[in-house]
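J.: Below is the sequence, then the predicted model.
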Amino acid sequence: MNLFRCMQAFILTVKTGSFAAASVSLNTSPQMIAKYIAFLENYLGLKLLNRTTRSQNLTEFGKQYYPKCLSILAEIQATKVLAQQFSEEPKGNLRISAPVSYGYYNLIPVISNFMKRYPKVEVDIQLSDRYVDLVQDNFDVVFRIGQLADSGLIARKLKPYQLTFAASPSYLAQHGVPSVPKDLEKHNCLIYQYMNPNKNDYLWPFMINGKKVNVSISGSLQSNETLVLAKAAIEGLGITMLPESMLSDAIRQNKLLPILQDFLPPAKEVHLLYTADRQRPSKHNIFIEFVVNAMS
């Protein structure tokens, strides 16, 4: 006998107070409802209802089983809704927030593939290194780099984000190649300036003897735009610390040379965040799974 049907019969019997009323909702007979309940009790090995000719009441076990049964059937219904969403072609606007460099070099290729596959989805992607509030700023999903604060949002872990160090061949020929992080004291470093400039802008992280160490740096050029720093490094103005994905093409073309590779800092965590909403449109669920599959 269908266990799902038996659980439905049990819930409706409790809600309506009788086999007869439950049978109307399930379009069957009171006798069949009784068989469903009997099967369920036999399956569980415990009575759910104390029945007399005039009334029926939940047993102590039935009182505990009933809310769990409600929860199980709600989850089954949720999976059915999810399947329906995935069977429909997603459409509508999807609003996304991501850090600038990560969005441009890591995320845009994935979004491009997603939009080619689902052409009815319109994407509004806002790139900014400032902290955005997913709910207050009206985003559907946001991408975060680094450790997460406890926000109550659902977080899906993606491939880590690695920083690397590089400089142009001309700069290194003129100023020498640093062999250890301390050598940076003699070099011009191209400094990324965060949205709210602070002393941390002048510290670069390294792994030295198995420990993370921040090394003080200085330089004559700073910017809040990573593209400016990458271009300045290619032009020979100094040493840069930027995402590996951002510098990989320039390194392949020998416009930049990687340095201090034995001291790279630990890769930063990356997460895709969204609200715990069972009623998310299909475009959200499909985009989330698409990104996780492509970027994990």
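T.: Everything's here; your move.
J.: mind listing what the residue lying closest to Val270 once chain neighbours are set aside touches?
T.: Residue nearest to Val270 in three dimensions, not counting chain neighbours: Leu158, with 4.4 Å by C-beta to C-beta, 6 or more residues apart in numbering. All C-beta atoms are positioned from the backbone trio N, CA, C, and that covers glycine. By C-beta atoms under 8 Å, 6 or more residues apart in numbering, Leu158 lies in contact with Phe143, Val270, His271, Leu272, Val291, Val292, Met295, Ser296.
J.: Helices - which of the residues you listed land there?
T.: If you go by DSSP state H, the contacts of Leu158 have Val291, Val292, Met295 in helices.
J.: thinking the last one is in contact with Tyr102, fair?
T.: No: the pair Met295 / Tyr102 is not scored as a contact, 10.2 Å apart, by C-beta atoms under 8 Å.
J.: for this structure, which spans come out with low pLDDT?
T.: Along the chain, the model assigns pLDDT under 70 to residues 53-54, 81-88, 150, 195-199, 278-279.
J.: ranges for the strands of the stretch 1-150 of the chain?
T.: Using DSSP state E, counting those that start in this stretch, the strands of the stretch 1-150 of the chain run over 49-51, 56-58, 92-98, 121-127, 141-145.
J.: Deepest-packed of those, please.
T.: Stretch with highest mean neighbour count among the strands of the stretch 1-150 of the chain: strand 141-145 (a mean of 22; mean count of other C-beta atoms under 10 Å).
J.: What helices and strands are in contact with that one?
T.: With contacts taken as 3 or more C-beta pairs under 8 Å, 6 or more residues apart in numbering; DSSP states H and E, strand 141-145 sits against strand 92-98, strand 268-274, helix 282-295.
J.: Is it correct that Val121 is in contact with Phe287?
T.: Yes: between Val121 and Phe287 there is a contact under C-beta under 8 Å: 7.4 Å.
J.: which neighbours do those two share?
T.: Pro90, Leu94, Phe114.
J.: which one among those residues gets closest to Gln147?
T.: Closest approach to Gln147 among these (C-beta to C-beta): Leu94, at 26.2 Å.
J.: quick one, what contacts that closest one?
T.: Val121, Glu122, Val123, Asp124, Asp140, Val141, Lys283, His284, Phe287.
J.: I figured the fifth one was touching His284, is that so?
T.: Yes: when contacts are counted by C-beta under 8 Å, Asp140 is listed as touching His284 (5.6 Å).
J.: quick one, which of these two is more surrounded?
T.: Relative neighbour count places Asp140 above the other of Asp140 and His284, with 22 against 19, counting by other C-beta atoms under 10 Å.
J.: which residues touch the residue lying closest to that one once chain neighbours are set aside?
T.: Distances taken as C-beta to C-beta, 6+ apart place Arg95 nearest to Asp140, at 5.0 Å, with adjacent residues excluded. Arg95 sits next to Asp124, Gln126, Asn138, Phe139, Asp140 when contact means C-beta under 8 Å, 6+ apart.
J.: element containing Gln222, please.
T.: Taking DSSP states H and E as the definition, Gln222 sits inside strand 221-223.
J.: who does that strand touch, helix- and strand-wise?
T.: If you count contacts as 3+ C-beta pairs under 8 Å, 6+ apart, strand 221-223 packs onto strand 189-192, helix 226-234.
J.: thinking again about what came up before, I'd like the contacts of Leu94 laid out as JSON lines, including distance to Asn254.
T.: As requested, these are exported to JSON lines (distance: C-beta to C-beta, whole Å):
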{"residue": "Val121", "distance to Asn254": "39"}
{"residue": "Glu122", "distance to Asn254": "40"}
{"residue": "Val123", "distance to Asn254": "35"}
{"residue": "Asp124", "distance to Asn254": "37"}
{"residue": "Asp140", "distance to Asn254": "41"}
{"residue": "Val141", "distance to Asn254": "37"}
{"residue": "Lys283", "distance to Asn254": "42"}
{"residue": "His284", "distance to Asn254": "42"}
{"residue": "Phe287", "distance to Asn254": "37"}
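J.: can you tell me which two in those are farthest apart?
T.: With C-beta to C-beta as the measure, no two of those lie farther apart than Glu122 and Val141, at 14.5 Å.
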